[in-house]
Each structure stands twice: as C-alpha cells, then as structure tokens.
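one predicted model, sequence on top.
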Amino acid sequence: SAVISQKPSRDICQRGTSLTIQCQVDSQVTMMFWYRQQPGQSLTLIATANQGSEATYESGFVIDKFPISRPNLTFSTLTVSNMSPEDSSIYLCSVLGNSYEQYFGPGTRLTVT
Amino acid sequence: TQLLEQSPQFLSIQEGENLTVYCNSSSVFSSLQWYRQEPGEGPVLLVTVVTGGEVKKLKRLTFQFGDARKDSSLHITAAQPGDTGLYLCAGLMDSSYKLIFGSGTRLLVRP
C-alpha cells in the first residue's frame, strides 16, 4: 500500500481565482490519478498523471482549466483555474497499486464563493 | 449514464441488521473492487474479486462477483455503527488501468 497526503485539506476561494492542490506519496509510483467528487456522490476521473509526459484528460476536462504537473514519481499537483461556484467539490488524488487497486489521499474540499 | 449502477443509493438500518448492496452493469469487467469511504477521507479498498462466481469474506462482509463478471454484491451481516460510510464498487476493464466507479451506496447504521 501507499500513504498519500494532500494539501490543502480544505479551502474557500473567490470566483475567478486559482488553487493548486498538492499530492505527495511516500513511495515512487508510476501512475497517479485526479478525481472530483461531489459530497456524498461517486468519483469522476479528471485525468491521469504520468511522470515525464503530459497528463491524459477525460472527456469534459481540459488542460487549460485543470493543469496538472508531475515533476517526479512521488509528487503531483492539480490546479483548478478561474474558479466558479460549480467547481466546489472534493478533489482526490490516487495512485495505482501493483494489482490495479488504487490508494487515495484524504481529499481537498474546495468551496468557491 | 452510469456504467455501474449501485442499489440502493441510500440505506438506513438499525445495528444488528443484515444488508446487501448491489452493483450492476451491462459490461464485462476483468475485476471488480469495493471501497468504503468515510467523511473527510479518501476511499479505502476493501476487496478485489477477479473470477466469475468468486466469493470473498472479510469478517462480517461477504463479496460476490457474478458468474458473467457483470455484477457484484456486498452483504454485511449484523451491521455495526462503524460500518457507516459510502460504499463504492469499481470495475476494471480488460486492457485498462482506469477504474470505473459505481454510483455509490450511502449506509447509515443507527445504534
């Protein structure tokens, strides 16, 4: 298993601003994922972050809105740009395990006012 | 359209009762995972089922993968308040590393 931390744990931001969420893993991993989750709802995959290459985005998510960095095998960031109230959500990062299971961080609860 | 449908969406039961959560799809999965998520935390893996018809037990939790690998169920015996949380099934398709998450079942076990 892997231990994953996220910063910040929560934030309240004004519309039009941007927030960068950090995800740190205690071991080197090949694949990291970013998800969005409305409280009490299921997870929606935003993108897959691979070290050394551009992130792969899912339908409905674009790089200009959700730029992702993956500078090394233990760290990734997700930026939520030009935020609107519709971006209020929980953002989760995860890593891929050896048997295709995923280990998740605790999430970042974002509120946009 | 949700590829993996879970039912029920919400379940409120008394401590000591039994319950079953269903995860259904028209697609075939190479494996299916079940996660539990508590408020303020990320989902935590409970089990992975791989073989059609497979049954796995984890203390009071019993997981079953359908023969055709299109559906799964989670049965909890003698539920306890500590079982409260959001239960998510997630399917893995052949040649893919991406999980497809179900719609989720929110369970509340009242003392």
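That came in fine, so what should we check first?

let me see the contact set for the closest residue to chain A within chain B.
Using CB to the nearest CB, the single residue of chain B nearest to chain A is B:G42, 3.0 Å away. For glycine as for every other residue, the C-beta is placed from the backbone atoms N, C-alpha and C. B:G42 makes contact with A:I4, A:L92, A:S94, A:F104, A:G105, A:P106, A:G107 under the criterion CB atoms under 8 Å, 6 or more residues apart in numbering or on different chains.

quick one: the strands in chain B, in order.
Along chain B, the stretches classed as strands by DSSP state E are B:5-7, B:10-14, B:19-24, B:31-37, B:44-49, B:55-58, B:61-65, B:71-76, B:85-92, B:99-101, B:105-110.

and the last one, which strands flank it?
I take that to be strand B:105-110. Here strand B:105-110 is paired, per DSSP bridges, with strand B:10-14 (parallel), strand B:85-92 (antiparallel).

return the most buried member of those strands.
Mean neighbours per residue, mean count of other CB atoms under 10 Å in any protein chain shown, is largest over the strands paired with strand B:105-110 for strand B:85-92, with a mean of 24.

what's in contact with that one?
A:40, A:42-43, A:100, A:102, B:3-4, B:6, B:21, B:23, B:25, B:27, B:29-39, B:43, B:72, B:74, B:98-102, B:104-107.

buried ones among the residues you listed?
Using 16 or more other CB atoms under 10 Å in any protein chain shown as the burial test, the contacts of strand B:85-92 include A:42-43, A:100, A:102, B:4, B:6, B:21, B:23, B:25, B:29, B:31-37, B:43, B:72, B:74, B:98-102, B:104-107 as buried.

wait, a helix at A:T17?
No - under DSSP: H, G, I helix; E, B strand; the rest coil, A:T17 sits outside any helix and is assigned coil.

what sits closest to it if chain neighbours are left out?
Nearest-residue entry for A:T17: A:M83, 5.9 Å, with adjacent residues in sequence omitted and distances by CB to CB, 6 or more residues apart in numbering or on different chains.

tally of neighbours for the residue of chain A found nearest chain B?
With CB to the nearest CB as the measure, A:F104 is the residue of chain A nearest to chain B, at 3.0 Å. Counted with other CB atoms under 10 Å in any protein chain shown, the neighbours of A:F104 add up to 23.

phi and psi next, for it.
Dihedral angles of A:F104 (phi, psi; degrees, to the nearest 10) stand at phi -110, psi 150.

which ones are touching it?
A:I4, A:L92, A:C93, A:S94, B:G42, B:P43, B:V44.

would TSV of the strands of chain B with mean pLDDT be doable?
Supplementary listing: these in TSV, determined by pLDDT from 0 to 100:
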stretch	mean pLDDT
strand B:5-7	95
strand B:10-14	97
strand B:19-24	98
strand B:31-37	96
strand B:44-49	96
strand B:55-58	96
strand B:61-65	97
strand B:71-76	97
strand B:85-92	96
strand B:99-101	93
strand B:105-110	97
